[in-house]
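S.K.: coordinates for the following, if possible.
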Amino acid sequence: MCIGKGLNFVSAVCFILLITTSLTLAAAPKGLVGHWHLDEGTGEVAKDSSAEKNDGELWEGAK
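M.R.: Okay, here's the model as predicted:
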């Protein structure tokens, strides 16, 4: 499926996601101490994607 002059649908979606993610991180509120997506899937660490890097540790089989 093409949109406009040859831009395919998948490329358009990837572009939108990239722009949205960039804007979201760029618009982080001043003083933000942590931003955890909680999408690691496995493991015992919740990665902090803010500039502070306050990773969290999951205990006792948290799901």
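S.K.: point out where this protein drops to low pLDDT.
M.R.: Scanning the chain for pLDDT under 70 picks out 1-28, 63.
S.K.: ok, 80 please
M.R.: 1-30, 61-63 (pLDDT under 80).
S.K.: tally of neighbours for the residue nearest to K47 when sequence neighbours are not counted?
M.R.: Nearest residue to K47, sequence neighbours excluded (CB to CB, 6 or more residues apart in numbering): D55, at 5.5 Å. All C-beta atoms are positioned from the backbone trio N, CA, C, and that covers glycine. Look at D55: counted by other CB atoms under 10 Å, it has 12 neighbours.
S.K.: need the contact list for D55.
M.R.: For D55, the contacting residues are 45-48, by CB atoms under 8 Å, 6 or more residues apart in numbering.
S.K.: pull out the buried members of these.
M.R.: The neighbour count (16 or more other CB atoms under 10 Å) marks 46, 48 as buried among the contacts of D55.
S.K.: as JSON lines, the contacts of D55 with distance to H37 and secondary structure would be great.
M.R.: Formatted as JSON lines, the contacts of D55 follow (distance: CB to CB, whole Å; DSSP: H, G, I helix; E, B strand; the rest coil):
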{"residue": "V45", "distance to H37": "12", "secondary structure": "strand"}
{"residue": "A46", "distance to H37": "8", "secondary structure": "strand"}
{"residue": "K47", "distance to H37": "7", "secondary structure": "coil"}
{"residue": "D48", "distance to H37": "9", "secondary structure": "strand"}
